[in-house]
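Chemist: Pasted the sequence and its predicted model underneath.
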Amino acid sequence: MKRLHLFLIKSFLGPFIATFFIAIFLLLMQFLWKYIDDLVGKGLDFNQIALLLFYASARFVPIALPIAMLLASVMVFGKLGEQYELVALKSAGISLPRILFPITLLVITLSYGSFLFSNYVMPIANLKNGSMIYDIQKKKPSLNIKEGIFYKDIEGFSMKINEKNTSKNTLKDIIIYDHTSKSGNDKVIIAERGIMQLTPDEKFLELILYNGHSYIDIPNKKKKNPYRTTHFKEDLIRLDLASFSKSTNSEKLYKGHYAMLNNKQLDFAIDSLEIKYQDKEKLFSKNITNKYTTSTEVDSIINLNTLPPTEKKQQYDIAINNLRALKSVAKSNKDDLEYRKIIITKHKIEWHRKLSLAVACLLLFLIGAPLGSIIRKGGFGIPVLVSVLFFILFHVVNIVGEKSAKDLSIQAFEGMWLANLVFLPLAISLIYKAKNDAKLFDFSNLTMLFKRLIKKKQLQ
């Protein structure tokens with residue numbers, strides 16, 4: 001029996017490790033596709049790129065593990081079924097649960113490892129990855145300026161361009177708002193085209209503008225909105241990038257984010273946020289009660305009919321204004337409370353995510369193993385297709401649950417455990433079918449029913 005257990009574990013480990021790294025690679029390609037615009041042309045050396053990819057890969061481990069479990073289990077047990085090894089084991093008196101037992105223990109161990117990784121390693125990986133992406137995005141802001149969108153990350157300036165050629169660093173239709181005087185938009189520069197470049201020491205961003213004009217407000221009490229217009233054929237603007245050199249504190253920006261916390265820290269954060277939410281709710285209720293439902297106002301409303309028409313109209317106007325103010329305050333507080341509730345829910349989602357993904361490893365194995373023994377096909381053909389279809393369905397249900405939780409339609413634990421709860425009956429059903437050597441889809445009863453109906457029609 002020990003040899004059989006070792007044989008099954010060795011048969012499972014090879015495909016599992018292979019599919020795990022394939023899943024990590026595919027998820028990493030998705031990550032690169034998402035951030036390719038922020039990474040290209042930033043002058044990153046090999047060590048920086050390798051470190052960024054390492055932290056990004058670490059983030060994908062809890063997601064890649066369930067995919068690898070499903071793929072490996074379908075492939076291994078499909079191959080065992082295809083080569084009639086499962087039939088031989090069953091004929092020797094070894095039941096399917098007993099065959100699954102050694103690999104199930106291994107999967108439980110890996111699932112617990114997935115939780116530990118999600119709880120202790122992934123928050124650090126998220127923090128490092130997020131801070132590195134932030135630093136890279138801020139390293140050369142000239143390449144972060146998007147077409148048709150105001151760029152406001154350079155202190156004291158807002159700029160927008162309609163067209164940009166990254167390879168030549170040329171710009172067209174440029175608008176720059178200068179806020180350095182801290183008097184609002186008192187200086188506006190408009191140019192037809194320009195060239196954007198960094199100084200050799202990378203401390204300044206130079207904009208060489210062509211065919212433009214600038215508007216400068218001049219404070220003058222005698223004239224309304226006085227300004228001075230200057231036309232130019234060529235102008236040079238130097239933007240100080242000193243604020244971007246302070247990248248050492250970038251981790252502090254993300255340190256309190258819910259994705260950077262373990263479950264113990266999340267518990268503490270959730271308790272603190274809920275106390276603040278309740279205090280805010282009580283304060284709002286108390287202010288509304290004290291301000292808008294006093295006894296004097298009630299008395300004045302009761303005696304309103306005794307007043308002259310002019311005073312009566314004034315009282316109506318006062319009441320309408322109070323109602324408008326009440327509506328505005330109520331809406332503002334409602335939005336604030338809803339935002340606080342969403343933040344609390346996101347913390348709870350992250351708390352449940354670590355556990356649900358760990359349980360998903362075991363659940364998808366319990367789906368994949370009997371599924372492979374039923375379809376009896378090994379290799380990367382049908383097993384991969386079936387596994388991908390099942391995982392896509394699992395992922396879609398999981399996304400729907402998470403999104404519903406974030407929208408406050410359902411509770412956080414309901415949203416994060418929805419996919420597991422939906423697939424649990426499927427796992428039980430597949431194990432039952434595999435144990436009894438039943439077909440995946442048995443249409444024999446339906447075909448018999450159709451045949452009987454056809455015969456009845458023929459006899460009539």
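Modeler: All right, it came through fine.

Chemist: quick check, distance from the helix or strand hosting Phe54 to the centre of its chain.
Modeler: Element membership for Phe54 (DSSP states H and E) is helix 46-59. Centroid separation for helix 46-59 versus its chain: 19 Å, with CA atoms, centre = their mean, to the nearest Å.

Chemist: Buried residues of that helix, list them for me.
Modeler: By neighbour count on 16 or more other CB atoms under 10 Å, the buried set for helix 46-59 is Gln48, Leu52, Tyr55, Ala56, Ser57, Ala58, Arg59. In this view, the C-beta of every residue, glycine as well, is placed from N, C-alpha and C.

Chemist: Please apply the same query to stretch 20-29.
Modeler: Buried residues in stretch 20-29 (16+ other CB under 10 Å): Phe20, Ile22, Ala23, Ile24, Leu27, Leu28.

Chemist: For Pro123, give me its contacts.
Modeler: Pro123 sits next to Ala259, Met260, Leu261, Asn262 when contact means CB atoms under 8 Å, 6 or more residues apart in numbering.

Chemist: so what pLDDT did it get?
Modeler: For Pro123, the model assigns a pLDDT of 90.

Chemist: Name the nearest residue to it, ignoring sequence neighbours.
Modeler: Met260 (4.8 Å; CB to CB, 6 or more residues apart in numbering).

Chemist: so where do the helices sit in the chain?
Modeler: Secondary structure of the chain (DSSP state H): helices located at 2-39, 46-59, 61-82, 85-91, 96-116, 122-139, 250-254, 263-292, 295-302, 309-375, 382-406, 412-435, 444-459.

Chemist: Please produce TSV containing those helices, extended by distance to Ile175.
Modeler: As requested, those are exported to TSV (distance: least, CB to CB, whole Å):
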stretch	distance to Ile175
helix 2-39	22
helix 46-59	34
helix 61-82	42
helix 85-91	70
helix 96-116	50
helix 122-139	22
helix 250-254	29
helix 263-292	40
helix 295-302	52
helix 309-375	32
helix 382-406	36
helix 412-435	43
helix 444-459	68
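
Chemist: what's the least confident stretch among the ones you listed?
Modeler: Among the helices of the chain, helix 295-302 scores lowest, at a mean of 47.

Chemist: can you list the buried residues of helix 46-59 in a markdown table and add distance to Glu350?
Modeler: Shown next, in a markdown table, are the buried residues of helix 46-59 (distance: CB to CB, whole Å):
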| residue | distance to Glu350 |
| --- | --- |
| Gln48 | 28 |
| Leu52 | 22 |
| Tyr55 | 18 |
| Ala56 | 18 |
| Ser57 | 20 |
| Ala58 | 16 |
| Arg59 | 13 |
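
Chemist: of these, closest to Ser328?
Modeler: Arg59 (42.6 Å; CB to CB).

Chemist: State the distance from the closest one to Leu27.
Modeler: Arg59 is 9 Å from Leu27, where distance means CB to CB, to the nearest Å.

Chemist: do Lys403 as well
Modeler: In terms of CB to CB, Lys403 sits 20 Å off from Leu27.

Chemist: And for Leu209?
Modeler: 43 Å.

Chemist: Ok, Gly368 next?
Modeler: Relative to Leu27, and taking CB to CB, Gly368 is found at 19 Å.

Chemist: cool, and Ser91?
Modeler: Taking CB to CB, one finds Ser91 at 42 Å from Leu27.

Chemist: what's the answer for Gly148, then?
Modeler: In terms of CB to CB, Gly148 sits 31 Å off from Leu27.

Chemist: And Arg238, by the same measure?
Modeler: Distance from Arg238 to Leu27, counting by CB to CB: 42 Å.

Chemist: How about Tyr55?
Modeler: 13 Å.

Chemist: Just confirm Leu363 contacts Leu424, I think it does.
Modeler: Yes: using CB atoms under 8 Å, Leu363 is in contact with Leu424, at 6.6 Å.

Chemist: out of those two, which sits in the busier spot?
Modeler: Leu363 (24 against 15; other CB atoms under 10 Å).

Chemist: who touches Ile124 in this structure?
Modeler: Ile124 neighbours (CB under 8 Å, 6+ apart): Met260.

Chemist: same thing with Ala72?
Modeler: Here Ala72 is in contact with Phe12, Pro15, Phe16, Ala18, Thr19, Gly368 (CB under 8 Å, 6+ apart).

Chemist: ditto for Cys361
Modeler: Leu65, Pro66, Met69, Val107, Leu110, Ser111, Ser114.
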